[in-house]
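Trainee: below are the sequence and a predicted model; questions follow.
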Amino acid sequence: MNKPISEACLRNQGPIAAALKERLPNAARLLEIGSGTGQHAVFCARELPHITWQPSDLAQNHDGIKLWVTEAALSNVLEPLVLDVDQAWPSMKVDHVFTANTVHYIADESVVNMLAGISCLIDKDGLFMMYGPVNINGEFTSEGNAHLDEWLKACVNPLAGIKDLADIERMAKDQDLVLIDNLAMPANNRLLIFQKQSLN
């Protein structure tokens, strides 16, 4: 089996790693939700050697992730965990959570489940960093994103699609995750940085 390769990951991994490096200066353990091919785990862990990177995904993607992780042989990348945001989550604690290009592939209900799970995994001041396309005030930010949304609904899941920033903020805030940064990224994507707030 050859290592799976995501062309999108090849394009965005550099800018993502650079942004994470600015925001994660201290040693920490980070969970990646929806690791996909495993490319982000390996690239970012190499760029951020002080971060212990915990990949996770559905079981069917683990073989590909393991090929990348094994070849890289980095001491700060762990074996992938099985994680389905709509099922029971692993019992664990991490300092931060990252996900790339997952939210637009899943239904709103699954996004709520993901945010609830993340809020349970991190403590106050922990970060959740979400990369991907978002709509602004109900509008697509590019023609490419509009075509992507159409494809997702037709070919992946009728309940999938690009989410509106305001809706993501609201769902996150319900789980004590507050948006503190919104960074422009390549190809009409954003990197949204949420911080866990103390419970009121």
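Mentor: Looks like it arrived, so ask away. Residues are numbered from 1 along each chain as shown.
Trainee: in the protein, which spans are helices?
Mentor: 7-23, 39-47, 62-72, 108-121, 143-151, 165-173 (DSSP state H).
Trainee: so what's the closest residue to W53 other than its chain neighbours up against?
Mentor: Residue nearest to W53 in three dimensions, not counting chain neighbours: A45, with 4.2 Å by CB to CB, 6 or more residues apart in numbering. Any C-beta I mention is one placed from the backbone N, CA and C, and that applies to glycine too. Shown in contact with A45 (CB atoms under 8 Å, 6 or more residues apart in numbering): 51, 53, 72, 74, 76-77.
Trainee: and the two most separated of those residues?
Mentor: Pairwise distances among those were taken by CB to CB; the largest, 14.1 Å, belongs to I51 and A72.
Trainee: the more surrounded of these two?
Mentor: Each of I51 and A72 has its neighbours counted (other CB atoms under 10 Å); I51 has more, 22 against 15.
Trainee: and the pLDDT for that one?
Mentor: If you check I51, the pLDDT there is 98.
Trainee: just confirm it contacts L30, I think it does.
Mentor: Yes. Between I51 and L30 there is a contact under CB atoms under 8 Å: 5.3 Å.
Trainee: any residues in contact with both of these two?
Mentor: L24.
Trainee: for the protein, give me the ranges with low pLDDT.
Mentor: 9-10, 199-200 (pLDDT under 70).
Trainee: for L179, which residues are in contact?
Mentor: L179 touches 169, 172-173, 192-194, counting by CB under 8 Å, 6+ apart.
Trainee: including distance to L165, could the contacts of A45 go into CSV?
Mentor: As requested, the contacts of A45 are exported to CSV (distance: CB to CB, whole Å):
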residue, distance to L165
I51, 27
W53, 27
A72, 34
L74, 34
N76, 32
V77, 31
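Trainee: among those, which one sits closest to G161?
Mentor: Using CB to CB, these come closest to G161 at W53, 28.7 Å.
Trainee: who does the closest one bridge with?
Mentor: On the basis of DSSP bridges, W53 is bridged to L30, V77.
Trainee: surely it meets N76?
Mentor: Yes. With contact defined as CB under 8 Å, W53 and N76 form a contacting pair (6.0 Å).
Trainee: who's more crowded, the two?
Mentor: Set side by side, W53 and N76 give different neighbour counts by other CB under 10 Å, the larger being at W53 (24 against 18).
Trainee: measure the more buried one to A18 for me?
Mentor: 16 Å (CB to CB, to the nearest Å).
Trainee: can you tell me the closest non-neighbouring residue to the spatially most central residue of the chain?
Mentor: For the chain, the residue nearest the mean C-alpha position is T99 (0.5 Å; CA atoms, centre = their mean). Spatial nearest neighbour of T99, excluding adjacent residues (CB to CB, 6+ apart): I33 at 4.2 Å.
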